[in-house]
Structure formats: C-alpha cells, structure tokens
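Chemist: Okay, here's the prediction I keep looking at, along with the sequence it came from:
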Amino acid sequence: MQITVSEKLGVGQRGGYYEEAGALRDMVQNHLLQVLSLIAMEPPVSLEAESIRDEKVKLLRSIRPLTPEDVAKQVVRGQYFAGTVNGLPAPGYRQEPKVKSDSNVETYVALKLFIDNWRWSGVPFYLRTGKCLPQSASEVRIQFRPTPHVLFAAQCDLKLDSNSITLRLQPNEGISLHFNGKVPGMSLGVRPVRMNFSYDAEFGAYTPKPTKRLLLEAIAGDATLFIRRDEVETAWKSWTPFRAGWDGKPLTNPSLRGGLVGPVAAEDLLAQSGHVWHEPQMVK
C-alpha cells in the first residue's frame, strides 16, 4: 500500500513554524496517519463515532515500533533546494523567510511501515509527503497480491502490472481500478488499463467541501471525523524514535530540488523489496 500527500508549494511564510515542526510533525503523524488508519482499520461494529474511533486507535497501536536503527533503514528525509517549478525559479528551503541558513529540517519524508495484526501481517506500507513537488495531490494506492500463475504473462512473455485500486483524495476526488486488459485483435497483447470513477462527474455541485462538512458535523455534535485523545497520544508515541534516530545526523538527501518527484533514496527504499512508487496522475 502506498500513501502519497504531495504539495506543490514551499513553506512560504511558515518558515518559523516549519523550523520547529518539519514534515514529520507537520504531515506524517497527523495527516498521513489519519489516512492510514481509515484505510487499514478493521470494520467497526457500527457507524457510531466511538466504534469508528476505537478501530482507528487499534490500528495505530498495531504499527510495528521502529528503533533508531530501523529509522536509518526505513525512513528517508530530504529538503528542497533552489530550483525551478513550472519553468520559473524557486527558492530553496534555506532561502525562505525565518529559516536558518544551515537548517537540517526535513521538508520531505518517505518511510516504510508494517502493521502487526492478522489482516496486514507482512504487507509493507509506504508513506511519503513533501513540499515543492510537481503537483499537489493526495492518493492511496492499494496493490493486490499477484496470482501464483498468470496465463497471459506466460503467453506474452512479459511482466504484467499488479491489479490495484487507487483512491484519489484530492484534487478531482475519485476511485480508479487498474487491471490488465487484452488489446483487441488477433495477436495476444495485454497492457494495463484503468476504470475511473469521479465524484465531481457523478455528483457535481452536490459534493460539499471537506471544511464545510467538518464545521457542520461539529455543530451537530458528530465526533466521527475528529481525533480522540488516546488516538493523538498513540500517534505521537509512534514517532518518538524518529527524532532520536535523527538527532545530530545530517539529512539523508539534502540536495532534493524543487520540482522533482523526490530523492533517489526514496526510490531505493522501495527497490529493496522489488517495489516502485506509482506517481499520482498529473492534473492540470
């Protein structure tokens, strides 16, 4: 499973805050963990707020703890330097207002996690987030296990892509099913195809904005989409080893430039297990 939350903009006027938080505290321990817990949690006994929040906490408690040594192997961090975005010059993080000229703060994080429960045992979860990337997008890609024997692969003498479901959270919210289809004709050719569902195309103006829905649910007293205290504490506890593993050490990839997809080390993180990042579909 891959969870990507990329941002096109840099830190802008938030340099002072980012110097204290970094991408780990700003995005990973809340935004990405929220998505992870909602996607991977077990079915709740009901749709009541506490039942859903119970399952989210159970999921977070099942994340395999990382030692400082594990952090060095399973986590990549980087910082965007000066470069170009859409053909225009863009400042590096260290040139942003209220940022130290020798700052060691991460603006990009990619990591590999495991969840030690019955459903997800042995399944790697790859999470990444960063600023000054090619586009702003949030996606979840759930890749299915390959079948033991694929007839078309044997006939076509090629390695077919794994079937997958992609949940696009923003922008252009929707769901895509990726699978392999036979190319029409006499030859036995197979290539990846996609079936798309778009919320905007289906429901149009009737889809409320996320912030509007949160405000309405707060007024109504529905706590389903809000974080409970034990969930906050569990999420923060998970990331304590990260800071210990990073203290006094330089950035893994200090030369990440604005406009690139991410550090090479982030690609290597997946390549070690024979996996690759699947980039969000570019949205104009």
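Modeler: Done, it's in. On a predicted model such as this, the values are computed, not experimentally measured, just so you know. Residues are numbered from 1 along each chain as shown.

Chemist: hang on, isn't V276 packed against L269?
Modeler: No. Using CB atoms under 8 Å, V276 is not in contact with L269; the gap is 10.5 Å. From N, CA and C alone the C-beta is placed, and that goes for glycine too.

Chemist: Which one's more surrounded, the two?
Modeler: L269 (24 against 9; other CB atoms under 10 Å).

Chemist: Regarding the more buried one, what is its secondary structure?
Modeler: helix (DSSP: H, G, I helix; E, B strand; the rest coil).

Chemist: What separation do you get for it and D161?
Modeler: For L269, the distance to D161 equals 20 Å [CB to CB, to the nearest Å].

Chemist: All the helices of the stretch 151-284 of the chain, in order from the start?
Modeler: 151-156, 199-203, 210-220, 229-238, 240-246, 264-271 (DSSP state H, counting those that start in this stretch).

Chemist: Who are the packing partners of the second one?
Modeler: Under the contact definition 3 or more CB pairs under 8 Å, 6 or more residues apart in numbering; DSSP states H and E, helix 199-203 sits against strand 174-182.

Chemist: what lines up beside the strand it packs on in the sheet?
Modeler: strand 164-170 (antiparallel), strand 190-198 (antiparallel) (DSSP bridges).

Chemist: how about the first one: buried residues?
Modeler: For strand 164-170, the buried set under the neighbour-count rule, 16 or more other CB atoms under 10 Å, comprises S164, T166, L167, R168, L169.

Chemist: Likewise for stretch 271-284?
Modeler: Neighbour count says stretch 271-284 has H275, W277, H278, E279, P280 buried, by 16+ other CB under 10 Å.

Chemist: And the strands paired with strand 174-182: which comes nearest I142?
Modeler: Among the strands paired with strand 174-182, strand 164-170 comes nearest to I142, with 4.8 Å by CB to CB.

Chemist: Can you show me the CA trace of the closest one as CSV?
Modeler: What follows is strand 164-170, C-alpha atoms only, in CSV (Å, rounded to 0.1, in the frame of the first residue of the first chain):
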residue,chain,number,x,y,z
SER,A,164,-4.7,-2.2,-7.9
ILE,A,165,-7.3,0.3,-6.6
THR,A,166,-6.3,4.0,-6.4
LEU,A,167,-8.3,6.3,-4.1
ARG,A,168,-7.7,9.9,-5.1
LEU,A,169,-8.4,12.2,-2.1
GLN,A,170,-7.6,15.5,-3.8
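
Chemist: Measure how it sits relative to helix 210-220, angle-wise.
Modeler: For strand 164-170 against helix 210-220, the angle by axes from the mean of the first three to the mean of the last three CA atoms, to 10 degrees is 80 degrees.
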